[in-house]
Structures are given as C-alpha cells and as structure tokens.
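Colleague: Fold the following, please.
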Amino acid sequence: QAQLVEIGGGLVQPGGSLILACEASRVAVDVAAVGWFRQAPGKEREGIACISSLSDHTYSISSVEGRFIMSRYNAKNTVYLQMNSLQPEDTGVYFCNAVKGGLPLYKSWGQGTQVTVST
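Modeller: Numbers count the residues shown, from 1 in each chain. Below you'll find the predicted structure:
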C-alpha cells in the first residue's frame, strides 16, 4: 500500500517561512498528482495545493496562492510545499495525499505535520 509521510512542520512567527516535505513510498510522485491538505483547529480538512501528474503544473486555493509553492523532486520521490509569508490563519495540521479527480486518492492518511504560526 502506498505511504506518504509529512515532515517539516514547526512553530514560526507571522511572516516567516517553512518547507514541508511529503516522502512517498510505493507510489511514484512523478506520475501521480499529489496534493497538500490542511486541517485548521476546529475545521474540516481542506485541499490547499496540488501538483499535477507528469508535469509541474501546480494549483492552489486563493488564500495561499502566491505564498505557497509546490515542487517535486523525483529522484527522492518527494513533494515539497514551500510556505512563505505565513499568517496565523495558516496554522493547522498539514497532510499530503495522492489526488485523483480533484479528490484524495487514499482513504488512509498519514499523521500529518503541525504548523503553528504565532508570536
């Protein structure tokens, strides 16, 4: 079964940056669409960014567009999320998953990684 592990979260001040990594096994990120999802405190998990399969086209929701950048490093089978100009509303647990038809592909999620933006 495919496994995707999220790493790289932490505590950062508003305006700061973090890089998250999604390390995949038993699924090739160079042929799979991969998305980042965020679950803010007290809210449902939502998709925030996606990188398409077989290309470097990326998509993101308006609240993170221009601040969050996805990239893929095929040699490491890893997808990254560069997060800049972080704001308190970016706080949450971040997950990654393969995406198909705009929806998460795998029902089983990893543990995610906590991102806290605070002074």
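Colleague: The residue nearest the centre of the chain: what's it in contact with?
Modeller: Centroid check for the chain by C-alpha atoms, centre = their mean gives Trp36 as the closest residue, at 2.7 Å. By C-beta atoms under 8 Å, 6 or more residues apart in numbering, the contact list for Trp36 reads 20, 22, 47-50, 68, 70, 79, 81, 94-96. Placement of C-beta: from N, CA and C, glycine included.
Colleague: Next: Ala33.
Modeller: 50-53, 98-100.
Colleague: Quick one: which of the residues you listed has the lowest pLDDT value?
Modeller: Among these, Ser53 has the lowest pLDDT, at 84.
Colleague: Phi, psi for the nearest residue to it once chain neighbours are set aside please.
Modeller: Of all residues not flanking Ser53 in the chain, Ala33 sits nearest, at 4.4 Å (C-beta to C-beta, 6 or more residues apart in numbering). The phi and psi torsions at Ala33 (degrees, to the nearest 10) take the values phi -70, psi 130.
Colleague: okay, Ala33: pLDDT?
Modeller: For Ala33, pLDDT reads 92.
Colleague: Any chance you could list what contacts stretch 45-63?
Modeller: Stretch 45-63 is contacted from outside by 30-39, 64, 68-72, 79, 81, 89, 95, 99, 102, 104, using C-beta under 8 Å, 6+ apart.
Colleague: In PyMOL, select just the buried ones from those residues.
Modeller: The buried residues among those can be selected in PyMOL (16 or more other C-beta atoms under 10 Å) with this line:
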select buried, resi 32+33+34+35+36+37+38+64+68+69+70+72+79+81+95+99+104
